[in-house]
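Undergrad: got a sequence here, can you build the structure:
(one chain, ligands or ions: 2)
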Amino acid sequence: MAAITLKDINKTYGDGFRAVQDVNLEIADGEFVILVGPSGCGKSTLLRMIVGLEDITSGEMFIGGQRVNEKAPRDRNLSMVFQNYALYPHLTVYENIAFPLRLSKTPDKEVDERVRRAADLLELNEHLERKPANLSGGQRQRVAMGRAIVREAQAFLFDEPLSNLDAKLRGQMRTEISRLQKRLGITTVYVTHDQVEAMTLGDRVVVLRRGVVQQVATPRELYENP
Ligand code: ADP
Ligand code: ADP
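TA: Numbers count the residues shown, from 1 in each chain. Ligands and ions are numbered 1, 2, ... in the order given. Coordinates of the predicted model:
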């Protein structure tokens, strides 16, 4: 069964602008899909519709076999990692990672186990008591990922998570994200305008242009037949 299915998805903004047009896509369980294309092609709009932060104008969307068109973001069981990390400055690394579990009133003992397991995977163990302001860019990005994985969601959604990092760190985090995704085996949709990320991270690449899917291919197919 597909983890995420998009059927004839369209988005027309209030001013009549068609940002996403007739998108059809099936994402398999555990698959890592990249949405790539130039600025303004509709990547964020599509991702926000999957998360539920943006209404679908027409079409149908299924997550884990369930129709989600009218479901609120919190009922979709997805984890999103944003470009700007969206960490809480007054909370420690521990509490930033624990945040989604606090919201769902998870018992303390389980919170502790899950936060430490996530911190282990992301090599954040030594930084759990620090505040975001005292972390490097790469560490902040890892805290944001920790908060995403601690929820054990159905899928990860990344919105250009590395675009605020310098080139060296970007390369490092690319490797980390790829390793983490394989290890967790979690379905992932990753938005980027970066060709290198598109060609190295995913199992499949969806090329968007002016709101339309232009190509769907493996990185290898794109490399051999650009
Ligand atoms: P990308 O993420 O690929 O840069 P977006 O999905 O942010 O693209 O935007 C796609 C197109 O839709 C752009 O032309 C953008 O200006 C337009 N757009 C995005 N949000 C709105 C909005 N709230 N109202 C009108 N147009 C919008
Ligand atoms: P990014 O390219 O980093 O995704 P944008 O600067 O395109 O971000 O968009 C930031 C916010 O502004 C988004 O919430 C988007 O919906 C909104 N937005 C983008 N383009 C327009 C537009 N033409 N009209 C109204 N809102 C827009």
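
Undergrad: so Arg147 sits in a strand?
TA: No. Looking at Arg147 with DSSP: H, G, I helix; E, B strand; the rest coil, it is helix, so not inside a strand.

Undergrad: next, count neighbours for it.
TA: A total of 25 residues lie near Arg147 under the criterion other CB atoms under 10 Å. For the C-beta atoms, the positions are set from N, CA and C on the backbone; glycine is no exception.

Undergrad: list the contacts of the residue lying closest to it once chain neighbours are set aside.
TA: Leaving aside its sequence neighbours, Arg147 sits nearest to Ile97 (CB to CB, 6 or more residues apart in numbering; 5.2 Å). Ile97 sits next to 115, 118-119, 124, 143, 146-147, 150 when contact means CB atoms under 8 Å, 6 or more residues apart in numbering.

Undergrad: one more: Ser79?
TA: Contacts of Ser79 (CB under 8 Å, 6+ apart): 100, 147-149, 151, 153, 155-157.

Undergrad: okay if I get those as CSV plus distance to Asn69 and pLDDT?
TA: Below are the contacts of Ser79 laid out as CSV (distance: CB to CB, whole Å; pLDDT from 0 to 100):
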residue, distance to Asn69, pLDDT
Pro100, 24, 90
Arg147, 27, 91
Ala148, 24, 88
Ile149, 27, 88
Arg151, 22, 86
Ala153, 19, 88
Ala155, 17, 94
Phe156, 21, 92
Leu157, 17, 94
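
Undergrad: quick check: the residue nearest the centre of the chain vs Gly137, distance?
TA: In the chain, the residue lying closest to the centroid (CA atoms, centre = their mean) is Leu157, at 1.7 Å. Leu157 sits 21 Å away from Gly137, going by CB to CB, to the nearest Å.

Undergrad: do the same with Glu176
TA: Using CB to CB, one obtains 13 Å as the distance from Glu176 to Gly137.

Undergrad: tell me the bridge partners for the residue nearest to the centre of the chain.
TA: Met80, Val189 (DSSP bridges).

Undergrad: I figured it hits Val51, correct?
TA: Yes. Counting by CB atoms under 8 Å, Leu157 does reach Val51; the two are 5.8 Å apart.

Undergrad: where does the prediction get shaky in the protein?
TA: Within the chain, no range satisfies pLDDT under 70.

Undergrad: CA atoms only: put the longest helix along the chain into PDB for me.
TA: As assigned by DSSP state H, the longest helix anywhere in the chain is helix 167-184. Written as PDB, here are the backbone C-alpha positions of helix 167-184 (Å, rounded to 0.1, in the frame of the first residue of the first chain):
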ATOM      1  CA  ALA A 167      28.400  24.400   2.200                       C
ATOM      2  CA  LYS A 168      30.600  22.100   4.300                       C
ATOM      3  CA  LEU A 169      27.900  21.600   6.900                       C
ATOM      4  CA  ARG A 170      25.300  21.000   4.200                       C
ATOM      5  CA  GLY A 171      27.400  18.200   2.900                       C
ATOM      6  CA  GLN A 172      27.700  16.600   6.300                       C
ATOM      7  CA  MET A 173      24.000  17.000   7.100                       C
ATOM      8  CA  ARG A 174      23.100  15.500   3.700                       C
ATOM      9  CA  THR A 175      24.900  12.300   4.700                       C
ATOM     10  CA  GLU A 176      23.300  12.300   8.100                       C
ATOM     11  CA  ILE A 177      19.800  12.800   6.900                       C
ATOM     12  CA  SER A 178      20.300  10.000   4.400                       C
ATOM     13  CA  ARG A 179      21.700   7.600   7.000                       C
ATOM     14  CA  LEU A 180      19.000   8.400   9.500                       C
ATOM     15  CA  GLN A 181      16.200   8.000   6.900                       C
ATOM     16  CA  LYS A 182      17.500   4.500   5.900                       C
ATOM     17  CA  ARG A 183      18.000   3.500   9.500                       C
ATOM     18  CA  LEU A 184      14.500   4.500  10.500                       C
END
